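>>> Pasting the sequence and the predicted model now:
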Amino acid sequence: MQVPKKHIPIVGLLGLVVVAAAGGGIYYYQFVLPHTTLTFAPSHRLIFMTAIVQEEGGFHITNTAYLNQTGLPGFDTSNGYNLTGVKYQNYSTQSDNRTIQAHIGDTVTFYVKAENATSSDPSLHASLAHGFTIQGPGTFTVDNGVMPATIPFGKWFTVTVTFTSGGSFTYFCTVPCSPLHGNMNGQIVVT
C-alpha cells in the first residue's frame with residue numbers, strides 16, 4: 001500500500017509568491033522613501049478687519065498681507081494703519097472672511113476697527129464698544145498691545161501675537177453688547 005502524496009496546488013503557491021512580493025515591495029517602499037516633515041519659515045502676517053455686533057456680521061476680514069520688513073506700519077486709533085512706505089504682499093484668506101491660517105512661529109498683527117450696529121433694533125445698541133481677545137488650546141505671546149481689549153465704536157485697535165504652538169484658536173468679542181450676542185466670531189488655525 002502506498003501513502004498518497006500531498007501536493008500544493010500550483011495556483012496556491014504562485015498566489016503566495018505574488019502576495020509576498022507585493023507586501024515586501026510595500027514594506028521596502030516605506031523605508032526607502034522617508035516621511036517628509038513640512039517646515040515653514042516663520043512669517044509676519046497682517047490681518048485687517050472690522051468688528052460689529054454678531055447679529056450684523058461680527059468680525060469680518062477685509063484684507064490680509066505678509067509684512068516684508070521688520071517695522072510695523074504706522075498706527076493711530078482714530079485713523080487706523082498707515083501702509084505708506086511699507087513693504088508687504090497680499091495673500092488670499094479663507095472664503096468665509098473669518099478664518100485665519102497660520103503656522104507655528106508666525107507673528108500675526110491684527111488691525112481691528114469697531115463699528116456700531118446700523119440696525120434700528122435697540123438691543124443691538126446696548127454697548128459703546130466692541131472687544132477682542134484670543135483663546136485656544138495652545139500658546140501664543142502678545143508682542144504689543146493688550147488683550148482682552150475694549151475698542152470704542154469708530155476707533156481702531158492693534159495687537160501683535162506670535163503663535164508658539166499649534167491648534168485651533170478662537171478670536172471673539174469680550175464686551176457683552178446685548179444678551180442676544182454670540183461670542184464666537186472667528187478662528188485661527190495654526191499648524
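Here it is on my side, so go on.

>>> Now do the strands for this structure: every range, in order, please.
44-51, 59-67, 74-76, 80-82, 88-90, 99-102, 107-114, 129-135, 140-144, 149-152, 156-163, 167-172, 184-190 (DSSP state E).

>>> neighbours of the residue lying closest to Leu46 once chain neighbours are set aside, just the number please.
In this structure, Leu46 finds its nearest non-sequential neighbour in Ala65, 4.5 Å apart by CB to CB, 6 or more residues apart in numbering. Glycine gets a C-beta too; all of them are placed from N, C-alpha and C. For Ala65, the count of nearby residues is 19 (other CB atoms under 10 Å).

>>> so how many other residues sit close to Asn116?
18.

>>> can you tell me which residues contact the residue nearest to Leu46?
45-46, 48, 88-91 (CB atoms under 8 Å, 6 or more residues apart in numbering).

>>> If Phe48 is in a bridge, with which residues?
Legend: beta-bridge partners of Phe48 under DSSP bridges are Asn63, Tyr111.

>>> same thing with Leu67?
Here Leu67, judged by DSSP bridges, has bridge partners Tyr88.

>>> List the buried residues for stretch 156-169?
156-163, 166, 169 (16 or more other CB atoms under 10 Å).

>>> From these, pick the one nearest Gly186.
Nearest to Gly186 among the buried residues of stretch 156-169: Phe169, at 9.3 Å, using CB to CB.

>>> Find the nearest non-adjacent residue to the closest one, please.
Phe169 sits nearest to Gly136 (CB to CB, 6+ apart), 3.1 Å away.

>>> Against Asp143, how distant is Ser165?
As judged by CB to CB, to the nearest Å, Ser165 and Asp143 stand 16 Å apart.

>>> can you list the buried residues of stretch 156-169 in CSV and add pLDDT?
Shown next, in CSV, are the buried residues of stretch 156-169 (pLDDT from 0 to 100):
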residue, pLDDT
Trp156, 95
Phe157, 94
Thr158, 95
Val159, 95
Thr160, 96
Val161, 95
Thr162, 96
Phe163, 96
Gly166, 94
Phe169, 94
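
>>> Generate CSV for those residues, with distance to Ser95 as supplementary columns.
As requested, those are arranged in CSV below (distance: CB to CB, whole Å):
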residue, distance to Ser95
Trp156, 25
Phe157, 25
Thr158, 25
Val159, 25
Thr160, 25
Val161, 24
Thr162, 26
Phe163, 22
Gly166, 22
Phe169, 19
